[in-house]
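> Here's my sequence, what's the structure:
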Amino acid sequence: MKLQGKKVLLGITGGIAAYKSAELCRNLKKAGAEVRVVMTKGAQAFITPLTLQALSGNPVHHDLLDPAAEAAMGHIELARWAHFIVIAPASADFLARLNAGMADDLLTTLCLATNSSIAVAPAMNQQMWANPATQNNIQQLIKKGIEIWGPDEGDQACGDVGPGRMLEPADLLNRIDDHFNDKPLQGQRWLITAGPTVEPIDPVRYLANRSSGKMGFAIAEAAAKAGAEVVLVTGPVNLLASSAIKRIDVQTAQQMFEAVKSEFKSIDTFVACAAVSDYRPTEAAPQKLKKQSDNGLTIELMQNPDILKWAAEQNAAFCVGFAAETNNIEEYAEAKMTKKGINVICANDVSRKDIGFSSDNNEVSVYYKNNGAMQVERLGPALKTVIAQQLVSFLPGIK
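Numbers count the residues shown, from 1 in each chain. The predicted structure follows:
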């Protein structure tokens, strides 16, 4: 643990998961951190300030306009004091107010006034988590550089089952500890591709696939948090990347290839996570194609450039491929390794409904060669963000 002497401000918002925050506070103190707790009014309905005061060893803060504290500008002092701010649990209401930049209570005011990193551990009903408003808030917070930890899936206090559970205190403790660890990828430059490519047939139709880009974006975020300089080349997806990442948006495979070539200088690691279209129409019609008869339509296709194979041939970076398969996973993954000329490939079964395309979860088999012998490392099933962190930790060890 790297928490000895670290100053952690623990924010607690209203939700049944607030009872877990007591254990997190206790574990932080046990690991050597100095903890100060800020509670919203909603949080105090679930757990008392006296409990957190006893566990943290410090008075609990909950009033924005406390005359005694504000005589010395207490909210600014707290914002400057913290090395790291963690809000656990973070309710849907709090996430919305944080995204809006509101400062209507002590906790949101601290988040606006601090230069320290902020992480939130969402906890709410599964339907609230899935609501487009909440998902939009999450994407905007990611763009602002705020870390999103969770949520987990499972049984909820309301009786529902699904995503929305706050991560367990032990998991949160490890993530806080990781925040203070040395950046293992400091000084490295990673180039990552993500999402699908789309190949126009005419101005309104195109060939594409179901890739959501979530895995590639998760790897980009994990690499950036580990200290790497990250360039992310992405096809059209409905995702946001944090400000620490250089993002290049493209549409077609050819555009992705050109972007990769332009950014390939001084690259240490290239992760080809994008689901690149293998083929494109030989010629895209300049106007919308009209139905000519009932006999069907023939479209002539040509091969797109093989971006990963080109990258491997440069012998300038450690290249990692991805194989989205529906059957014969191991056989096809190993064949792709040979064809592309790479030593590592991450394969997953996209025929499954619980992982892969569009899902927040994944299960990956990492095939790699060690002294000429094929090895495999199984990751997951887990959230794609967790898989990404495991990959970023695992890959440098097999270079």
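
> okay, now the domains of this structure?
Residue ranges for the domains of the chain, per automatic domain parsing: 7-180, 189-398.

> separation between the spatially closest residue to Ile219 that is not a sequence neighbour and Thr326?
Distances taken as Cβ to Cβ, 6 or more residues apart in numbering put Ala388 closest to Ile219, at 4.5 Å, once the chain neighbours are dropped. Every residue, glycine included, has its C-beta placed from N, CA and C. Going from Ala388 to Thr326 by Cβ to Cβ, to the nearest Å gives 23 Å.

> So if I had to pick from these two, which one is more boxed in?
Neighbour count, other Cβ atoms under 10 Å: between Ala388 and Thr326, Ala388 has more, with 27 against 11.

> What is whatever helix or strand the more buried one lives in packed up against?
Secondary structure from DSSP states H and E places Ala388 in helix 384-394. For helix 384-394, the packing partners by 3 or more Cβ pairs under 8 Å, 6 or more residues apart in numbering; DSSP states H and E come out as helix 214-225, strand 361-370, strand 373-383.

> could you redo the domains of the chain as CSV and give each row mean pLDDT?
Output for those, formatted as CSV (pLDDT from 0 to 100):
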stretch, mean pLDDT
domain 7-180, 89
domain 189-398, 91
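
> Now do Met102 against Thr114, distance only.
15 Å.

> correct me, but Ala316 touches Ile267?
Yes. Counting by Cβ atoms under 8 Å, Ala316 touches Ile267, with 6.6 Å between them.

> the more surrounded of the two?
Taking neighbours as other Cβ under 10 Å, Ala316 and Ile267 compare with Ile267 leading, 20 against 14.

> Quick test: name the residue nearest the centre of the chain.
Closest residue to the average C-alpha location of the chain: Ala218 at 3.6 Å, with Cα atoms, centre = their mean.

> can you pull the contacts of that one?
The contact partners of Ala218, taken as Cβ atoms under 8 Å, 6 or more residues apart in numbering, are Lys384, Thr385, Ile387, Ala388.

> Out of these, which comes closest to Met128?
For the contacts of Ala218, the minimum distance to Met128 (Cβ to Cβ) is 19.5 Å, reached by Thr385.

> ok, for Trp149, nearest residue in space, not its chain neighbours?
Ala121 (4.6 Å).

> neighbours of that neighbour, just the number please.
29.

> And Gly32, by the same measure?
As a measure of burial, Gly32 has 12 neighbours, counting by other Cβ under 10 Å.

> looking at this, it is in a strand?
No. Gly32 sits outside any strand when classified using DSSP: H, G, I helix; E, B strand; the rest coil, being coil.

> Please list all residues in contact with the residue lying closest to it once chain neighbours are set aside.
Excluding the flanking residues, the one nearest Gly32 by Cβ to Cβ, 6+ apart is Gln4, at 3.5 Å. Gln4 is in contact with Ala31, Gly32, Ala33, counting by Cβ under 8 Å, 6+ apart.

> could you say which helix or strand contains Cys25?
Here Cys25 sits within helix 18-30, counting by DSSP H and E.

> Quick check: buried residues in that helix?
In terms of neighbour count (16 or more other Cβ atoms under 10 Å), helix 18-30 has its buried residues at Ala18, Lys20, Ser21, Ala22, Leu24, Cys25, Arg26, Asn27, Leu28, Lys29.
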